[in-house]
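Peer 1: Coordinates only, no sequence provided:
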């Protein structure tokens, strides 16, 4: 993946004024560069019981009513597992009906899902989940790992 792609994404997210705007801009930029059809951005925190969780912050082509929230404990589900281990997962065979990508023309299951952490000082700060009708390559995995290390410093201002 070219540094030009990286520069385009960084340029899009660097001027965000809130973490939510940052997350939306990041998802939109990655989706355009990697041909992803849907995305979700989760932030990490600790709930009042002291349990580490990830919470949905923003989505790309992701339907979630404003009043609804999504959160998982570290280790729960695929995104929670990525938060727990701090390692990217690339699923190239998505079970039919696992998730649905919706459009005005219909809905369908994606062919692949890639989930990666954004890590700072060995601590997972966020988890990004992307779905696509195409398969994510090893080159794209490496690009997302590099991207996550480049955007984590931009998250510091929030």
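Peer 2: All right, it came through fine. Quantities reported herein were computed from a predicted structural model and do not represent experimental measurements.

Peer 1: and the nearest residue to residue 54 once chain neighbours are set aside, bridged to which residues?
Peer 2: Take residue 54 and drop its neighbours on the chain: the residue closest to it by C-beta to C-beta, 6 or more residues apart in numbering is residue 42, 3.9 Å away. Every residue, glycine included, has its C-beta placed from N, CA and C. Taking DSSP bridges as the rule, residue 42 bridges to residue 56, residue 127.

Peer 1: Residue 85: how many residues sit nearby?
Peer 2: A total of 13 residues lie near residue 85 under the criterion other C-beta atoms under 10 Å.

Peer 1: wait, I meant residue 32
Peer 2: 14.

Peer 1: what helix or strand is it on?
Peer 2: Using DSSP states H and E, the element containing residue 32 is helix 19-34.

Peer 1: Of all residues in the protein, which one is nearest the centre?
Peer 2: Nearest to the mean C-alpha position of the chain, by C-alpha atoms, centre = their mean, lies residue 128 at 1.5 Å.

Peer 1: Would you agree that residue is in contact with residue 40?
Peer 2: Yes. The pair residue 128 / residue 40 is scored as a contact, 7.4 Å apart, by C-beta atoms under 8 Å.

Peer 1: Common neighbours of these two, please.
Peer 2: Common neighbours of residue 128 and residue 40 (criterion: C-beta atoms under 8 Å, 6 or more residues apart in numbering): residue 27.

Peer 1: hey, where'd the helices end up in this structure?
Peer 2: Counting by DSSP state H, the chain has helices at residues 3-13, 19-34, 77-85, 138-155.

Peer 1: Mind checking those helices for the one nearest to residue 50?
Peer 2: With C-beta to C-beta as the measure, helix 77-85 is the member of those nearest residue 50 (15.4 Å).

Peer 1: helices or strands up against the closest one?
Peer 2: Judged by 3 or more C-beta pairs under 8 Å, 6 or more residues apart in numbering; DSSP states H and E, helix 77-85 is in contact with strand 38-46, strand 52-60, strand 71-73, strand 89-91, strand 112-120, strand 123-132.

Peer 1: Switch these over to JSON lines; also include mean pLDDT and distance to residue 22.
Peer 2: Listed next are these as JSON lines, based on pLDDT from 0 to 100; distance: least, C-beta to C-beta, whole Å:
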{"stretch": "strand 38-46", "mean pLDDT": "95", "distance to residue 22": "9"}
{"stretch": "strand 52-60", "mean pLDDT": "95", "distance to residue 22": "8"}
{"stretch": "strand 71-73", "mean pLDDT": "94", "distance to residue 22": "19"}
{"stretch": "strand 89-91", "mean pLDDT": "95", "distance to residue 22": "23"}
{"stretch": "strand 112-120", "mean pLDDT": "96", "distance to residue 22": "11"}
{"stretch": "strand 123-132", "mean pLDDT": "96", "distance to residue 22": "10"}
